[in-house]
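Asks: pasting the structure only:
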């Protein structure tokens, strides 16, 4: 399991570092309609990390203030807790969800920080949103597959759950090597 975690961290770091490199160019790291999917297959383990703008997963990016927004936020969290509605695998692989961790934007965390400049410079202000108040959310899912040789791809069914999500940039570490792809509502299958 530690090997899978290390591999996923390496994939996530590679995607984040590559994305940071492009941040200073024509577009920033936060692009509405564009999510990121990192995956690692190691033995009988499959780990998936999903990150997307809160605007696409919740419908807004600021802290939920009204009762209506709090209900909407709770529904978004509940949807992330149901990965079977987001991803589909070949049933013959026998993959069962064994662990999940939400990386949800904090309801109470809006961008009115009281950081002083020195403290801000010291830790470089690393939150899951940029200076304009854009928030990302996501989740990590770990599956154990009874017949991993039958795990030959995934279908991203999350496009029907999140209609404003237009594409997913995928990076993966598979038994056959590394992969990168872009999934869309009309091309939502990844095979390996």
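Replies: Great, that's in hand. None of the values given here were measured: they were computed from a predicted structure.
Asks: Phi, psi for residue 60 please.
Replies: phi -160, psi 170 (degrees, to the nearest 10).
Asks: So it sits against residue 69, correct?
Replies: Yes. The criterion here is CB atoms under 8 Å, and residue 60 meets it with residue 69 at 6.6 Å. Quick note: C-beta positions are derived from backbone N, CA and C, even for glycine.
Asks: now the helices: where do they sit in this protein?
Replies: All helices of the chain, identified by DSSP state H, fall at 2-23, 54-57, 67-80, 117-123, 158-161.
Asks: Report the buried residues of stretch 81-101.
Replies: 83, 86-89, 93-95 (16 or more other CB atoms under 10 Å).
Asks: Same list, these, but as JSON lines with distance to residue 64 please.
Replies: Shown next, in JSON lines, are these (distance: CB to CB, whole Å):
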{"residue": "83", "distance to residue 64": "23"}
{"residue": "86", "distance to residue 64": "22"}
{"residue": "87", "distance to residue 64": "26"}
{"residue": "88", "distance to residue 64": "30"}
{"residue": "89", "distance to residue 64": "33"}
{"residue": "93", "distance to residue 64": "37"}
{"residue": "94", "distance to residue 64": "38"}
{"residue": "95", "distance to residue 64": "33"}
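Asks: quick one: which of the residues you listed sit in strands?
Replies: 87-88, 95 (DSSP state E).
Asks: What is the neighbour count of residue 174?
Replies: 17 (other CB atoms under 10 Å).
Asks: Find the pair from the buried residues of stretch 81-101 with maximum spatial separation.
Replies: The most widely separated members of those, counting by CB to CB, are 86 and 94 (18.6 Å).
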